[in-house]
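Student: The amino acid sequence is not available; the structure is as follows:
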């Protein structure tokens, strides 16, 4: 029986380890401000199409505002638990 080829993502193609190493190093440089996206892509023109979307996504994630961790508000939790306790619950079958 013939198998249908599974599409490969950028990190599953031959040379994926090399691309992963480039991405890791590039992210470090970009976050530290030692290089721009265009500078990184100019160093790897043969992989530009592969690297550009990965690095753009990584930069977008870095620029997202960080949510500070905080303990749950005990009053809100108690109110939520009271609401749940007052509703009908479906029992596992």
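Tutor: Yep, it's here. Fair warning: this is a prediction, and the values are worked out from it, not measured in the lab.

Student: can you list the weak-confidence ranges in the chain?
Tutor: 1-14, 91-93 (pLDDT under 70).

Student: how about the helices in it?
Tutor: Counting by DSSP state H, the chain has helices at residues 16-32, 37-43, 48-63, 74-85.

Student: got CSV for those helices, with mean neighbour count too?
Tutor: (Each C-beta comes from the backbone N, C-alpha and C, glycine too.) Shown next, in CSV, are the helices of the chain (neighbours: other Cβ atoms under 10 Å):
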stretch, mean neighbour count
helix 16-32, 14
helix 37-43, 15
helix 48-63, 13
helix 74-85, 10
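
Student: mind checking how far residue 53 is from residue 34?
Tutor: Noted for residue 53: a distance of 21 Å to residue 34, by Cβ to Cβ, to the nearest Å.

Student: can you check residue 75 too?
Tutor: Distance, residue 75 to residue 34, using Cβ to Cβ: 47 Å.

Student: Ok, residue 20 next?
Tutor: Relative to residue 34, residue 20 is positioned 19 Å away (Cβ to Cβ).

Student: Repeat that for residue 47.
Tutor: Distance, residue 47 to residue 34, by Cβ to Cβ: 19 Å.

Student: For those two, indicate the residue with more neighbours.
Tutor: residue 47 (17 against 10; other Cβ atoms under 10 Å).

Student: How many residues are close by residue 70?
Tutor: Applying other Cβ under 10 Å, we find 6 residues neighbouring residue 70.

Student: same check, this time on the one 3 residues further on
Tutor: One way to gauge burial is a neighbour count; for residue 73, by other Cβ under 10 Å, it gives 10.

Student: That one and residue 67: what is the separation?
Tutor: Distance, residue 73 to residue 67, using Cβ to Cβ: 15 Å.

Student: Touching, residue 27 and residue 55? I think so.
Tutor: Yes. Here residue 27 lies in contact with residue 55, judged by Cβ atoms under 8 Å, at a distance of 7.0 Å.

Student: Who are the contact partners of residue 52?
Tutor: 37, 41 (Cβ atoms under 8 Å, 6 or more residues apart in numbering).
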